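Trainee: have a look at this fold, sequence not included:
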């Protein structure tokens, strides 16, 4: 990339790990390379220089900045002098001056206008992250100094920048202290901190959670957090969670202890494992499989231990990816990595031992499932053959994660009760359980992918959400929910017509699951555009769908 793509050191370092290396000023790659133009843009002469050397150019210039380039080119060709408001030496300003050529003049204050020569035509534009209030003062100075000239004013400050500045002013009036998250070299981030400080609020400008001076805000009742335009959302989330984490550690109270406990359970994937255990119960009820009490509870324990161990194994074996999923989760795994590996091993041994005691069929089923689950992130293609294959492991296959997870849930939900009972009866109920569990597990994975979309994009993970975008996937989820409800109603109607003896029970089984999809629809509607205050709360609300499914199945079976 021509310089850092954005003014955020953490994102640049992540991109460096993915093979994207920033070039220093004046540096040229030794061989023909793919060169990305940074978001701030570059002068056209710089772009031409790299093209002439045989490099492939990928234009990563922000569309808002490209708009300013076009405005400058248009009015320069019409004979206007171009006045640019911006920060001297800023990468974007260098690019703007390159497009203005000899017609360009850079000003930083209204006093700078008085030193400009009088010309018949003037076009005033701005760096996209410039101070809105200062731009207004400069505009007045331009109109006064060039009173006899033809003046065109284009307020090219990015609307997001303008909005952030206004919101920072409003936020500062409601909080005891303010934390601005972003690169310390970022002009718009520094400007947000300057606005807050000018309003007399204690302000901290931090790049990461490690820069936060918690002692300085420990006695505050309300702490506001805002961020620069180039700050990734996962870094904002880490700062938020760090402050919550420090409050839990240093401020001992019942709510903080409860939140800490929920965080630990969430990090251990306990709620997901309980949800999977609930699907085992649902399968037994809907399929009408009769087992003894000891077999029933042992089977549930096998289900819990399997998903507990596999989720935990895949989390700690890919520890580098969890840093984008929340500071609490990352620190927890990092601190207890050896203990968690041991816990995973004990859980796997335990579930295989219980499976062996219950039935040989269950033992072989869980052994195979464990093997598949643990090798998902492992390289399975030998190095000597890797040049013949695009993918070296299962996780590299685009969108495979959500599909494999849903298949594991649905196959085990159907097969574990059958393996314990020792009898196989291919019924419509078996297909129903498979489809419902598959849909619920798949939707769960996709919802988490939506939450983690930014980190997945930066790390190069190809999920369904990164392929088609969050807006489209939300519509797809709502559509899937609608189709599922329609199918449940249709199936219940068909069963009622063809099963005269058991139609009431069958219809109740199918229709009882409608509230599950109604809850998912409500969750999707309410969560859109709203950030939950705690990561653990998000996990609990997503996994609550399984609890609702179990309760509905229980009500039908026993009431």
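Mentor: That came through fine. On a predicted model such as this, the values are computed, not experimentally measured, just so you know.

Trainee: quick one: buried residues of the longest helix seen in the chain?
Mentor: As assigned by DSSP state H, the longest helix anywhere in the chain is helix 470-498. Neighbour-count burial for helix 470-498, counted by 16 or more other C-beta atoms under 10 Å, picks out 473-474, 477, 480-481, 484-485, 487-488, 491-492, 495. In short, each C-beta sits where N, CA and C put it, glycine included.

Trainee: now stretch 250-265, how far from the centre of its chain.
Mentor: 24 Å (C-alpha atoms, centre = their mean, to the nearest Å).

Trainee: my guess is residue 109 contacts residue 130, does it?
Mentor: No - using C-beta atoms under 8 Å, residue 109 is not in contact with residue 130, being 11.5 Å away.

Trainee: neighbour count winner among the two?
Mentor: Under the neighbour definition other C-beta atoms under 10 Å, residue 109 and residue 130 were set side by side, and residue 130 has more, 29 against 11.

Trainee: am I right that that one falls within a helix?
Mentor: No - using DSSP: H, G, I helix; E, B strand; the rest coil, the assignment for residue 130 is coil, not a helix.

Trainee: just the pLDDT at it, thanks.
Mentor: The model reports residue 130 with a pLDDT of 88.

Trainee: same check, this time on residue 321
Mentor: 64.

Trainee: for residue 169, same thing?
Mentor: Reading off the model, residue 169 has pLDDT 90.

Trainee: before we move on, what about residue 384?
Mentor: The model's pLDDT for residue 384 equals 62.

Trainee: next: residue 223.
Mentor: 92.

Trainee: ditto for residue 162
Mentor: Residue 162 carries a pLDDT value of 79.

Trainee: looking just at contacts, which helices and strands does the helix or strand containing it meet?
Mentor: Element membership for residue 162 (DSSP states H and E) is helix 159-172. The contact analysis (3 or more C-beta pairs under 8 Å, 6 or more residues apart in numbering; DSSP states H and E) places helix 159-172 against helix 132-145, strand 177-181, helix 187-198, strand 223-227.

Trainee: for those, which one ends up most surrounded?
Mentor: Ranked by mean neighbour count under mean count of other C-beta atoms under 10 Å, these are led by strand 177-181, which reaches a mean of 26.

Trainee: mind listing the strands it pairs with, and their directions?
Mentor: Using DSSP bridges, the strands paired with strand 177-181 are strand 203-206 (parallel), strand 223-227 (parallel).

Trainee: contact partners of that strand?
Mentor: 168, 171-172, 189, 192-193, 196, 201-207, 212, 216-217, 220, 223-228, 231, 235-236, 239, 243 (C-beta atoms under 8 Å, 6 or more residues apart in numbering).

Trainee: report the rounded mean pLDDT for whichever helix or strand residue 82 is part of.
Mentor: Element membership for residue 82 (DSSP H and E) is strand 81-85. Mean pLDDT, computed over strand 81-85, is 96.

Trainee: tell me what whichever helix or strand comes after that strand is packed against?
Mentor: Following strand 81-85 in sequence order, the next helix or strand is helix 91-100 (DSSP H and E). In terms of contacts (3+ C-beta pairs under 8 Å, 6+ apart), helix 91-100 is packed against helix 44-52, helix 63-77, strand 81-85, strand 104-107.

Trainee: the same query, at a cut-off of 10 Å, please.
Mentor: Using 3 or more C-beta pairs under 10 Å, 6 or more residues apart in numbering; DSSP states H and E, the elements in contact with helix 91-100 are helix 44-52, helix 63-77, strand 81-85, strand 104-107, strand 121-126, helix 187-198.

Trainee: okay, now the sheet partners of the strand holding residue 82, with direction.
Mentor: strand 104-107 (parallel), strand 121-126 (parallel).

Trainee: same question for stretch 139-146, mean pLDDT?
Mentor: 94.

Trainee: which residues does it contact?
Mentor: 81, 83, 85, 107, 109-116, 118-124, 126, 149, 151, 153, 155 (C-beta atoms under 10 Å, 6 or more residues apart in numbering).

Trainee: mind running it again at 6 Å?
Mentor: Residues outside stretch 139-146 that contact it (C-beta atoms under 6 Å, 6 or more residues apart in numbering) are 110, 113, 122, 124, 153.

Trainee: again with stretch 527-547
Mentor: Contacts for stretch 527-547 (C-beta under 6 Å, 6+ apart): 262-263, 266, 271-272, 275, 278, 326, 440, 444, 447, 516, 519-520.

Trainee: in TSV: the helices and strands packed on helix 159-172, plus distance to residue 557.
Mentor: Formatted as TSV, the helices and strands packed on helix 159-172 follow (distance: least, C-beta to C-beta, whole Å):
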stretch	distance to residue 557
helix 132-145	63
strand 177-181	50
helix 187-198	57
strand 223-227	48
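
Trainee: residue 37 is nearest to which of the ones you listed?
Mentor: Closest approach to residue 37 among those is made by helix 187-198 (18.3 Å; C-beta to C-beta).

Trainee: and the pLDDT at residue 114?
Mentor: The model's pLDDT for residue 114 equals 90.

Trainee: wait, residue 63
Mentor: Looking at residue 63, its pLDDT stands at 91.

Trainee: okay, now it: neighbour count?
Mentor: With other C-beta under 10 Å as criterion, residue 63 counts 8.

Trainee: give me the below-cutoff pLDDT ranges for the chain.
Mentor: Low-confidence segments of the chain (pLDDT under 70): 320-327, 377-398, 454-461, 499-506, 529-533, 559.

Trainee: residue contacts, residue 513?
Mentor: Contacts of residue 513 by C-beta under 6 Å, 6+ apart are residue 488.

Trainee: could you do residue 484 as well?
Mentor: Per C-beta under 6 Å, 6+ apart, neighbours of residue 484: 439, 517.

Trainee: isn't residue 126 right up against residue 83?
Mentor: No - if you go by C-beta atoms under 6 Å, residue 126 and residue 83 don't touch, sitting 9.3 Å apart.

Trainee: which among the buried residues of helix 470-498 gets closest to residue 39?
Mentor: Distances from residue 39 to those, taken by C-beta to C-beta, are shortest for residue 473, at 25.2 Å.

Trainee: which residues are in contact with that closest one?
Mentor: residue 465.

Trainee: can you tell me which of the strands paired with strand 81-85 is most buried?
Mentor: The most buried one of the strands paired with strand 81-85 (mean count of other C-beta under 10 Å) is strand 121-126, showing a mean of 24.

Trainee: what's the angle between that strand and helix 132-145?
Mentor: 170 degrees (axes from the mean of the first three to the mean of the last three C-alpha atoms, to 10 degrees).

Trainee: what's strand 121-126 in contact with?
Mentor: Contacts to strand 121-126, defined as C-beta under 6 Å, 6+ apart, come from residues 68, 71, 75, 79-85, 135, 142, 146, 149-154, 156-157.

Trainee: what do you get if the cut-off is 8 Å, keeping everything else the same?
Mentor: 68, 71-72, 75-76, 78-86, 96, 135, 138-139, 142, 146, 149-157.

Trainee: and the closest residue to residue 212 other than its chain neighbours, how many neighbours does it have?
Mentor: Excluding the flanking residues, the one nearest residue 212 by C-beta to C-beta, 6 or more residues apart in numbering is residue 206, at 5.4 Å. Residue 206 has 21 neighbours, counted by other C-beta under 10 Å.

Trainee: please report how far residue 206 lies from residue 230.
Mentor: 14 Å (C-beta to C-beta, to the nearest Å).

Trainee: and the gap between the most centrally placed residue in the chain and residue 466?
Mentor: Centroid-nearest residue in the chain, with C-alpha atoms, centre = their mean: residue 452, separated by 2.2 Å. Distance, residue 452 to residue 466, using C-beta to C-beta: 10 Å.

Trainee: give the residue farthest from the middle of the chain.
Mentor: Extreme point of the chain relative to centroid (C-alpha atoms, centre = their mean) is residue 148; 53.1 Å.
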